[in-house]
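Student: Pasted the sequence and its predicted model underneath.
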Amino acid sequence: MKRKTKPDRTAAKQKPLDNWEHSWQEHWSKVGLPGYELPVGGPGGEEREFLGSARTFAGEQKRLRRISDEFSQAFKALYPVGPAVTVFGSARFKENHPYYKLARAVGVELAKAGFATLTGGGPGIMEAANRGAHEGGGASYGLNIILPHEQSANPYVDKSIEFRYFFTRKVCLVKYSCAFIVMPGGLGTLDELFEAATLIQCQKIGPFPIVLMGEKFWDGMRKWGQFMIKQGVFAQEEIGFGRITDSPKEAVDLIVRSLPSEVKNRLQPSPA
């Protein structure tokens, strides 16, 4: 009788990793050389410096100046802005998509309440929120990021501020806001959501509310949050600044109710 051989579990485990590596290499082969810098010198230094880039003190100083200049220009453009709300969301939703229409309605409600609307300045949800603010007679700002595949500012901003660095743009979107409305989006939107949530939880900013628009879209986030509470990584009261709704009016009313009187008195509701 032939003895049965046990399946090679190591090979079974390795196959998904091989698939992952193949997919990874295929994706990044289209991008070109990596952007990671290493100090000058070391093994293979000459070849690396010829093919890629090397980290030098002079280069770091230039980068610091670019970052400082970017902050300086943005602060100069944004310091006159009154009470403002940042709307985060995906650039991928087109004009006929329900989420685009929802974000547009959010912009209108923000304008009616007297808020300036800040977005990342691009298409999709950002355009929709700026468009609603513009149509509602409110102030509309776009903090636009410069990308390899150029993202031009949408046509509904009163003022567009350009950024080279994601982190400087994110600082400004947070710095000039007294609340955040998060529409459906991808990794960039999640990054912005968790950045703002962490700063509020740690009391670095706020107390500001975060409103997630789209009950169905964010249902998984709600369940994940409840699971995390049970795991003990934070308490319910630590994330009490968050709310999920489908109603633009409820979202904006919640923000208005959260404001201290000093900020609320600065609101200039749009007559539109």
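Tutor: Done, it's in.

Student: Identify the bridge partners of the residue lying closest to residue 141 once chain neighbours are set aside.
Tutor: Counting by Cβ to Cβ, 6 or more residues apart in numbering, residue 141 lies nearest to residue 118, which is 5.0 Å off, once chain neighbours are set aside. All C-beta atoms are positioned from the backbone trio N, CA, C, and that covers glycine. Note on residue 118: beta-bridge partners by DSSP bridges are residue 86, residue 141.

Student: Quick check, pLDDT for residue 118.
Tutor: The per-residue pLDDT reported for residue 118 equals 98.

Student: Wait, it touches residue 85, no?
Tutor: Yes. Applying Cβ atoms under 8 Å as the test, residue 118 and residue 85 come out as touching, 7.0 Å apart.

Student: Between the two, which contacts overlap?
Tutor: Taking Cβ atoms under 8 Å, 6 or more residues apart in numbering as the contact criterion, the common neighbours of residue 118 and residue 85 are residue 177.

Student: So for those two, which sits in the more crowded spot?
Tutor: In terms of neighbours (other Cβ atoms under 10 Å), residue 118 is the more surrounded of residue 118 and residue 85; the figures are 32 against 28.

Student: Mind listing what's buried along stretch 115-124?
Tutor: Using 16 or more other Cβ atoms under 10 Å as the test for burial, stretch 115-124 gives 115, 116, 117, 118, 119, 120, 121, 122, 123, 124.

Student: How about the third one: what's its closest non-neighbour residue?
Tutor: What it means is residue 117. Sequence neighbours aside, residue 133 is the residue nearest to residue 117 in space, at 3.7 Å (criterion: Cβ to Cβ, 6+ apart).

Student: Let's see the helix or strand containing the one you found as CSV, backbone CA atoms only.
Tutor: With elements delineated by DSSP states H and E, residue 133 resides in helix 125-135, which encompasses its position. What follows is helix 125-135 as a C-alpha-only set of coordinates in CSV (Å, rounded to 0.1, in the frame of the first residue of the first chain):
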residue,chain,number,x,y,z
ILE,A,125,-16.2,65.1,-3.3
MET,A,126,-13.9,68.1,-3.0
GLU,A,127,-15.4,69.8,-6.0
ALA,A,128,-19.0,69.0,-4.8
ALA,A,129,-18.5,70.6,-1.4
ASN,A,130,-16.8,73.6,-2.9
ARG,A,131,-19.6,73.8,-5.5
GLY,A,132,-22.3,73.7,-2.8
ALA,A,133,-20.6,76.4,-0.8
HIS,A,134,-20.2,78.6,-3.8
GLU,A,135,-23.9,78.1,-4.8
